[in-house]
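In: Model the structure of this input:
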Amino acid sequence: MENYVHNIPTKVYFGKGAISHLDEALKPFGKNVLLTYGGGSIKKTGLYDEVMKILNEGGYTVTELSGIDPNPRIESVAKGVALCKEHNIDVVLAVGGGSTIDCSKAICSGFYYEGDDLWHMVKHVKGYKKSLPLVDILTLSATGSDFDGGAVISNMKTNEKLGGSYTYPSVSILDPTYTFTVSKYQTAAGSADIMSHIMEGYFSRTPDSELADGIAETILKSVIRNLPIALKEPDNYSARANLMHAESVACSGIPEYGKKSTGWPCHAMEHELSAYYDITHGVGLAILTPRWMRFILKKDPTCEWRFVRFARNVWGLDGEDEHELALKGIDVLEQFFRGNGIPMTLGELGITDEHFRAMAEHADIGGRLSNAFVPLTADDVVQIYTDCL
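Out: Numbers count the residues shown, from 1 in each chain. The predicted model follows:
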């Protein structure tokens with residue numbers, strides 16, 4: 001078991017009616033608020049009006065930044081930083097899913113960035129930064145951005161989508177009822193993202209981090225159990241609450257405590273797909289993950305024990321032939337994604353092999369996939385993309 005550090009400074013208010021804590025969450029930081037959100041769904045659901053009522057009653061001055069894209073763009077970051085400086089913003093309030101929260105983290109850090117080129121900040125500045133305080137209200141169970149310090153920002157002009165460390169939210173408000181209106185497609189895609197966050201760390205060479213493995217397996221089983229319920233009964237509070245609880249912890253680092261780093265290869269590969277084709281992140285991960293699994297199992301059979309554990313402890317499968325069992329666990333995962341309405345080939349998304357080589361080389365830039373669970377080369381990544389067609 002490896003050493004680890006636990007440091008999650010975010011305060012979470014979880015449950016129905018948690019927005020009642022919004023005023024007390026914002027009050028310590030000041031009265032000038034930048035309100036960030038996406039395409040306007042929060043106005044359709046009434047959440048925007050609920051938030052504005054609290055802000056108006058609390059005497060806050062509100063500046064708005066709307067239109068944040070599902071793969072948040074550097075242009076939105078730049079616009080947000082400019083608004084913060086122009087209006088002397090004290091605190092950023094992000095209302096939405098992971099993309100809105102990610103963009104807001106970069107805005108909070110960009111406010112103090114010494115330089116005009118914010119894409120340079122995204123590409124080159126590493127580690128947590130001095131930032132404006134951030135409060136968020138989550139509306140989609142997917143990324144875990146409400147409980148971690150990372151963010152992923154896209155530059156569509158250069159076909160780059162890059163993750164980095166920015167700042168943790170000071171306070172996150174998680175009310176599962178705000179996910180009742182999320183579409184079936186986005187609910188399924190978000191759940192695939194949750195599962196990927198777990199599987200990226202679960203497939204590790206560390207055999208004895210028992211608590212971390214147990215947490216990971218329990219989160220996977222919870223998503224497997226609750227996603228079909230949420231799709232059938234969108235307002236089932238228990239299912240939505242369990243998915244929201246799972247997404248928050250899944251990307252927090254907790255399920256990886258004591259484990260060797262794995263390089264998160266599926267995320268590295270999917271970021272390239274999103275950078276070139278602007279696809280839904282969770283869908284890209286769902287397509288890639290079973291193909292990556294089959295590829296690495298064939299490339300390095302010494303990793304088979306981990307797939308056997310995955311099949312037994314997550315899916316409840318059994319059998320004496322461990323190789324067959326390992327493959328069956330992968331098959332069941334793919335069937336689960338497909339059965340819940342997720343496209344399972346890149347061809348279904350209109351993607352061809354045109355950019356596979358450039359994408360693969362960027363995914364492995366600097367040899368960063370050499371430390372993955374099973375090391376990958378650019379040639380390997382091209383093959384995995386091809387297998388996804």
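In: give the contact list for the residue most central in space within the chain.
Out: Central residue of the chain (Cα atoms, centre = their mean): Thr143, 2.5 Å from the mean position. By Cβ atoms under 8 Å, 6 or more residues apart in numbering, the residues touching Thr143 are Gly97, Gly98, Ser99, Ile101, Asp102, Gly190, Asp193, His197, Glu247, Cys251, His281. Bear in mind the C-beta positions are built from the backbone N, C-alpha and C, glycine included.
In: again, only using 10 Å
Out: 97-99, 101-102, 150-152, 190, 193-194, 197, 247-248, 250-251, 281-282 (Cβ atoms under 10 Å, 6 or more residues apart in numbering).
In: ok, now Lys129?
Out: Applying Cβ under 10 Å, 6+ apart, the residues near Lys129 are 105-106, 108-113, 121, 149, 164-167.
In: wait, isn't Asp69 in contact with Asp278?
Out: Yes - at 8.1 Å, Asp69 counts as touching Asp278 under the criterion of Cβ atoms under 10 Å.
In: Identify each buried residue in stretch 146-159, please.
Out: Asp146, Phe147, Asp148, Gly149, Gly150, Ala151, Val152, Ile153, Ser154, Asn155, Met156, Asn159 (16 or more other Cβ atoms under 10 Å).
In: between the residues you listed, which is closest to Gly127?
Out: Gly127 has its nearest neighbour among the buried residues of stretch 146-159 in Gly149, at 9.7 Å by Cβ to Cβ.
In: Chain neighbours aside, what residue packs nearest to the closest one?
Out: Distances taken as Cβ to Cβ, 6 or more residues apart in numbering place Tyr168 nearest to Gly149, at 4.4 Å, with adjacent residues excluded.
In: Then that neighbour would be within a helix, right?
Out: No - looking at Tyr168 with DSSP: H, G, I helix; E, B strand; the rest coil, it is coil, so not inside a helix.
In: Just want the phi and psi numbers for it.
Out: For Tyr168, the backbone dihedrals (degrees, to the nearest 10) come out as phi -80, psi 150.
In: just the one 4 residues further on next, same as before
Out: Listed backbone geometry of Ser172 is phi -120, psi 130, with angles given as degrees, to the nearest 10.
In: Now it: closest residue in space, sequence neighbours ignored.
Out: Ser172 sits nearest to Asp146 (Cβ to Cβ, 6+ apart), 4.0 Å away.
In: is it true that Ile198 touches Ser204?
Out: No - at 11.3 Å, Ile198 does not count as touching Ser204 under the criterion of Cβ under 10 Å.
In: what's the neighbour count on Pro301?
Out: 12 (other Cβ atoms under 10 Å).
In: Oh, that last question was meant for Phe203, not what I typed.
Out: 24.
In: just the helices in the stretch 201-350 of the chain please.
Out: For the stretch 201-350 of the chain, helices defined by DSSP state H, counting those that start in this stretch occupy the ranges 210-232, 237-250, 265-277, 281-299, 304-309, 322-339.
In: Test my guess that Tyr369 contacts His362.
Out: Rather than Tyr, residue 369 is Leu. No - using Cβ under 10 Å, Leu369 is not in contact with His362, being 11.1 Å away.
In: what touches both of those two?
Out: Ala268, Ala378, Val381.
In: that older thread, I figured the residue nearest to Ser172 hits Ile101, correct?
Out: Yes - taking contacts as Cβ under 10 Å, Asp146 lies within contact range of Ile101: 6.1 Å.
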